[in-house]
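Trainee: Okay, sequence plus prediction incoming.
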Amino acid sequence: MGERGLAEFELLARQLIQRWREDPNATYQSWFLWDERIKNFRSIRRGLAQVVAEIEAGRFGVAYRGSSLETVVHSVAEQRQIFKGADHAFLWKPKLRIPDIYENPANQRAFGRLLDHCACCDTAEEIIAGIHTIDRLNIKGLGPAVANLLYFLHPTLVPPFNTAIVNGYNKLTGGKVKLGSWHHFLAMRSGVLDLNERFRDLLSNDLGAIGGLLFDIGSGRYPAPPRDEEDQTLGSWTARLEQARAEAQTLNKALQKQGESDRTHSEIQAWLRDIGLALGYDVWIASNDRGRLHDGVRLGEGCLESLPASISTSTGADAIRLIDVLWLERGGDRVAAAFEVEHSTSIYSGIVRMLDLALSGSDLHATAGLFLVAPDARESEVRAQIARPAFSRIADLEIAYLPYGELERNKDAISRFGSGLKAIKAISRALP
């Protein structure tokens, strides 16, 4: 491509990215700007640390199902469309004996060392060195799908990786990256960084943004600009881009449903805020939710603007700030109750934030009440998550399940006649 062709391509690419950013259906608005995306980073990182610890202690086991790895990969897979199906690469395929990290202890330990190395390092060079080390071992079935885990450790250094992202990269750049090869992944990573730098003003330091763009191109939602005369004509590309814009005017049913989920999540937070204030508690709303509106009122209205110093400087404070609702003793620093609202997102992440709060001080029972608040229909899912080996300490925390239905039926009475946590505990169900 000549200098003139390159300049024209860049103009078309900018037009594409701008349209993509404006599309409420595209990954930029529906995933990259999604509040829960950031909230889940810490829980996924903590889950990977547990995988490493279990491998080092010889307690990981010989199966994917029921393992700590399955727990954390499921949390990744729940990161909306871009990571849907992330667990396929880690499912044990016995006839092919891949990925060979379950029944081969040496390979399992090597996988654990890669995760530990990348969690501890700070530079791209160190990450790449770790990738080369695992690649030299030729572990059957353990390819660059692992980058989806490394992305959550270093989102500015490692891009996410799946079939659609690879297809999008090849369409946009004319590359020939293949799946299953770490060398091809590293070559694509270099190209992704170059693209990201060129269009940084429209993207982000977080490589999830450009990963989402490539995903939407690779999955056929957006057409890549023509690169040369042999490619599609400019007219047909422009028409396809206009078609994508027209499709964006009406949200699809899935996005409408997700919008309802977000509104319901805010509604439940508002109920818990109002009950807490009525019972005389100071109330904290998750730091990234305080400005969200419910019935025209900010969720953080009348609530604490900052957490007490004893909490904000404690271990796990970054995760504690993201707990959906906290009730604190008026004017004090003791957390009376913590609530995680799990309408449609990963229950795993909410549990991890509860653990961060409970273990932030010397007393495991630092809080009087820990509640997972979820739709009535999710009770079996909540109990299944709690039963995972990854949450063996949950029994010590006395976490309770608070169904939406019970909360809705009793919230007004609790606000008017309640005292302390007695009524909330009465309508909750013990876990596990």
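Mentor: Noted; the coordinates are in hand. Predicted, not measured: the structure shown is a model, and the values here were computed from it.
Trainee: List the contacts of Ala164.
Mentor: The contact partners of Ala164, by Cβ atoms under 8 Å, 6 or more residues apart in numbering, come to 214-215, 218-219. Every residue, glycine included, has its C-beta placed from N, CA and C.
Trainee: Distance check, the nearest residue to Ala147 once chain neighbours are set aside against Asp35.
Mentor: Residue nearest to Ala147 in three dimensions, not counting chain neighbours: Phe161, with 4.0 Å by Cβ to Cβ, 6 or more residues apart in numbering. The spacing between Phe161 and Asp35, counted by Cβ to Cβ, to the nearest Å, is 24 Å.
Trainee: These two - which one has more neighbours?
Mentor: Each of Phe161 and Asp35 has its neighbours counted (other Cβ atoms under 10 Å); Phe161 has more, 27 against 15.
Trainee: Make sure the more buried one is indeed in a strand.
Mentor: No - the assignment for Phe161, made by DSSP: H, G, I helix; E, B strand; the rest coil, is coil rather than a strand.
Trainee: tell me the contacts of it?
Mentor: 144-145, 147-148, 151, 185, 188.
Trainee: low-scoring stretches of the chain, by residue?
Mentor: Applying pLDDT under 70 to the predicted model, the residue ranges of the chain that meet it are 1-5, 228-235, 237, 240-241, 243-263, 344-346, 359-368, 389-396, 432.
Trainee: Please, where are all the helices along the stretch 101-250 of the chain?
Mentor: Assigned by DSSP state H, counting those that start in this stretch, the stretch 101-250 of the chain shows helices spanning 105-120, 124-136, 147-153, 163-173, 182-198, 208-218, 234-249.
Trainee: Hmm, Gly302 is touching Tyr281, no?
Mentor: No - with contacts counted by Cβ atoms under 8 Å, Gly302 stays clear of Tyr281, the gap being 11.4 Å.
Trainee: Compare the two and say which is more crowded by neighbours.
Mentor: For the pair Gly302 and Tyr281, the greater number of neighbours falls to Tyr281 (21 against 14), based on other Cβ under 10 Å.
Trainee: Pretty sure the more buried one sits against Leu328.
Mentor: Yes - distance between Tyr281 and Leu328: 6.1 Å, which falls inside the contact criterion (Cβ under 8 Å).
Trainee: Need the overlap of contacts for the two.
Mentor: When contacts are counted by Cβ under 8 Å, 6+ apart, Tyr281 and Leu328 have Ala336 as shared neighbours.
Trainee: Pick the one among the contacts of Phe161 closest to Arg273.
Mentor: Within the set of the contacts of Phe161, Tyr151 lies nearest Arg273; the separation is 33.5 Å, counting by Cβ to Cβ.
Trainee: residues near that closest one, how many?
Mentor: Other residues within reach of Tyr151, judged by other Cβ under 10 Å, total 24.
Trainee: ditto for Ser415
Mentor: Other residues close to Ser415 by other Cβ under 10 Å number 16.
Trainee: returning to that earlier point: okay, the contacts of Phe161 in a markdown table with distance to Phe83 next?
Mentor: As requested, the contacts of Phe161 are exported to a markdown table (distance: Cβ to Cβ, whole Å):
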| residue | distance to Phe83 |
| --- | --- |
| Pro144 | 14 |
| Ala145 | 11 |
| Ala147 | 11 |
| Asn148 | 6 |
| Tyr151 | 9 |
| Phe185 | 16 |
| Met188 | 17 |
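Trainee: hang on, the earlier thing: and the helices of the stretch 101-250 of the chain: which comes nearest Glu54?
Mentor: Glu54 lies closest to helix 105-120 among the helices of the stretch 101-250 of the chain, at 8.3 Å (Cβ to Cβ).
Trainee: How about that closest one, which residues are buried there?
Mentor: The neighbour-count criterion (16 or more other Cβ atoms under 10 Å) identifies 107-108, 110-119 as the buried residues of helix 105-120.
Trainee: with the residues you listed in mind, which one is nearest to Leu193?
Mentor: Each of the buried residues of helix 105-120 was checked against Leu193 using Cβ to Cβ; the closest is Cys118, at 17.0 Å.
Trainee: Send me stretch 406-426 as PDB with only the CA atoms.
Mentor: Written as PDB, here are the backbone C-alpha positions of stretch 406-426 (Å, rounded to 0.1, in the frame of the first residue of the first chain):
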ATOM      1  CA  GLU A 406     -38.700 -11.100  49.700                       C
ATOM      2  CA  LEU A 407     -36.900  -7.800  49.600                       C
ATOM      3  CA  GLU A 408     -39.700  -6.200  47.400                       C
ATOM      4  CA  ARG A 409     -42.500  -7.600  49.600                       C
ATOM      5  CA  ASN A 410     -40.900  -6.400  52.900                       C
ATOM      6  CA  LYS A 411     -38.900  -3.300  52.100                       C
ATOM      7  CA  ASP A 412     -41.600  -0.800  53.100                       C
ATOM      8  CA  ALA A 413     -42.400  -2.600  56.400                       C
ATOM      9  CA  ILE A 414     -38.700  -2.900  57.300                       C
ATOM     10  CA  SER A 415     -38.100   0.800  56.600                       C
ATOM     11  CA  ARG A 416     -41.100   1.800  58.800                       C
ATOM     12  CA  PHE A 417     -40.900  -0.700  61.600                       C
ATOM     13  CA  GLY A 418     -37.500  -2.400  61.400                       C
ATOM     14  CA  SER A 419     -34.500  -2.100  63.800                       C
ATOM     15  CA  GLY A 420     -31.000  -3.200  63.000                       C
ATOM     16  CA  LEU A 421     -30.500  -6.300  60.800                       C
ATOM     17  CA  LYS A 422     -33.100  -8.500  62.400                       C
ATOM     18  CA  ALA A 423     -35.700  -8.100  59.700                       C
ATOM     19  CA  ILE A 424     -33.200  -8.400  56.800                       C
ATOM     20  CA  LYS A 425     -31.800 -11.600  58.300                       C
ATOM     21  CA  ALA A 426     -35.400 -12.900  58.700                       C
END
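Trainee: mind pulling up the phi and psi values for Arg97?
Mentor: Note on Arg97: backbone dihedrals following degrees, to the nearest 10 are phi 60, psi 50.
Trainee: hmm, I was thinking of Ser306
Mentor: According to degrees, to the nearest 10, the main-chain angles of Ser306 amount to phi -150, psi 150.
Trainee: where's it relative to Arg136, distance?
Mentor: Taking Cβ to Cβ, one finds Ser306 at 49 Å from Arg136.
Trainee: same check, this time on Arg298
Mentor: In this structure, Arg298 and Arg136 are 54 Å apart, going by Cβ to Cβ.
Trainee: who's more crowded, the two?
Mentor: Regarding Arg298 and Arg136, a neighbour count based on other Cβ under 10 Å identifies Arg298 as having more, with 15 against 10.
Trainee: how about the nearest residue to that one, chain neighbours excluded?
Mentor: The shortest distance from Arg298 to any residue that is not its chain neighbour, by Cβ to Cβ, 6+ apart, is 5.9 Å, and that residue is Gly291.
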